[in-house]
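Q: Model the structure of this input:
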Amino acid sequence: MIWRSLLHWLGGIGIVALGLFVMPYLRVGGISFFKMESSDTNDKPFARIASFTRAFVLVYVLITITCMLLYTVLGMSRFDAINHATATVATGGFSTHDASFGYFNSEPLLWTSTFFMTVCSLPFSGLIVFMVRRRLDALRDPQIGVFLAYLTAFSMTIAVYHRLQNGVPFHTALAHSFFAVASILSTTGFASDDYTLWGPFVVTMAFFMTFIGGCSGSTAGGIKAYRFIILFNTIRTGLYKLIYPDGIHAMRYGKMTVNADLQQSVMLFFTTYLALWTIGSLAMTAMGYDVLTSISAVITTLSNVGPGIGPVVGPAGNFSTISNPALCLLSLMMLLGRLEVLTMLVVLTPRFWRS
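A: Numbers count the residues shown, from 1 in each chain. A predicted model of the protein is given here:
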C-alpha cells in the first residue's frame, strides 16, 4: 500500500510538469508557468525553470506533510495518514480501506480532505508563486475563480437536495456533498458514502461532473476549467461576429489574448475527448455491458476520476468484475486521459518525430 501510494504521489509531480512544460511546447493547449512569472526578471529560462522546479517540489512536499499531520491529529493512524495524504495531494484516491473515507466516519476528516483536494486542483504555478514570492496576483488566474464557483454551486445544490430528499441533517449533507463534489472534480475518487443512493438528480450531476475536472497545471484530470472558459469565450466571440461582422472581437483569457492556435487546440481537445468517450462506450456495449456501466466506466477512466455511477463501477462498487478485454480498453482510456489525450496522440504521431 505504501508503494502504491508513493507511485501516484510521484506521478502527481510528473503530471504537473506535463501540464506546465510539455503541453505548451507541443502546442496542445497547455498554460505555461511563464505566464505567472513577473516580466522584470532577468533570469534565463533554464535558471527560471530550475528554480521553479525546486520551489514546486518543496511546496508539494510541504502540502503533503501538512495534510498528513492534520489527518493524524483528526484520528487517522500514522499509516493511514501517510497513505491518504499522498493520495489526496496527488488526487490519486487510493485508500487503505474498501470503504475509503467512509471507514473513518468523521466530518472533520471530510472537511480537511475537501480542502486539500480543492487546493491540489488549483494550478500549482499560481500556488507556488503565491507561497514563495507572496504575490497575490498569482491567484487571479480566471480558471481558479471558475473552478471554485462551480465546485461551490454543485456542492450547495446537492447538499440542499440531499437534505430535502433524504432528511439528512444539513451539516452532514453539506460535509458529504462538498467532499463528494471535490472528490469528483479533483478526480481524486475518494468516497464517504454511496452518493448514487441520494437520488437521481445527484446521479445525473455526478455523471456530468465527471467530465469537468480541475485546473490546468494541477494534479487533477478531466477536461479542465480553463478549456471551458476558452470554449465559452469562443462561442461568445463567434456570436458577436455574427451580429457585428465588421467589428474586431479579440478573445481574452483574463488579461491574456487567446491566439488562434490555442483556440484550435482547445476545440480539437473537446472533439477528441468526446470521440474517445463515444468509441469507448460503444466498444464496452459490444462486449456485453449495459449502457450505464459502459458510458460511466469509460468517462470515469478517461477523466481519471475512479468511481463512476451504477452498481458495477459506482462509489460502492469496483472494476473487479470487468472482463480482461474491457480492462485493457479502460486502461488505455486512463492512459490517454492522464496524459491529456492530445499529448499522447501527438507524441505517437510519426510526423512529430520527423519535424
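Q: In space, what's closest to residue 168 - neighbours in sequence excluded?
A: Nearest residue to residue 168 in three dimensions, chain neighbours excluded: residue 162, at 5.5 Å (C-beta to C-beta, 6 or more residues apart in numbering). Just so you know, the C-beta spots here come from the backbone N, C-alpha and C atoms, and that holds for glycine as well.
Q: residues contacting that neighbour?
A: 168, 173, 176, 177, 198, 199, 202 (C-beta atoms under 8 Å, 6 or more residues apart in numbering).
Q: same question, residue 150
A: 185, 212, 225.
Q: And it, how close does it get to residue 82?
A: Distance of residue 150 to residue 82, computed by C-beta to C-beta, to the nearest Å: 31 Å.
Q: for residue 98, same thing?
A: For residue 98, the distance to residue 82 - C-beta to C-beta - is 18 Å.
Q: Show me which of those two is the more surrounded one.
A: residue 82 (23 against 10; other C-beta atoms under 10 Å).
Q: for residue 328, what are its contacts?
A: Here residue 328 is in contact with no residue (C-beta under 8 Å, 6+ apart).
Q: That one looks like it's in a strand, true?
A: No. According to DSSP: H, G, I helix; E, B strand; the rest coil, the state of residue 328 is helix, so it is not within a strand.
Q: Would you mind writing the CA trace of stretch 191-198 as CSV?
A: Coordinates of each C-alpha in stretch 191-198 appear next as CSV, following Å, rounded to 0.1, in the frame of the first residue of the first chain:
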residue,chain,number,x,y,z
ALA,A,191,-15.8,8.2,-1.3
SER,A,192,-17.5,8.8,2.0
ASP,A,193,-20.9,7.5,1.1
ASP,A,194,-22.7,5.9,-1.9
TYR,A,195,-24.0,9.2,-3.4
THR,A,196,-25.8,7.2,-6.1
LEU,A,197,-28.4,6.4,-3.4
TRP,A,198,-29.1,10.1,-2.7
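Q: hang on, the earlier thing: which helix or strand contains the residue nearest to residue 168?
A: helix 142-166 (DSSP states H and E).
Q: Which secondary structure elements does the helix or strand harbouring residue 344 sit against?
A: Assessed by DSSP H and E, residue 344 sits inside helix 342-347. Helices and strands touching helix 342-347, by 3 or more C-beta pairs under 8 Å, 6 or more residues apart in numbering; DSSP states H and E, are helix 23-26, helix 260-286, helix 324-338.
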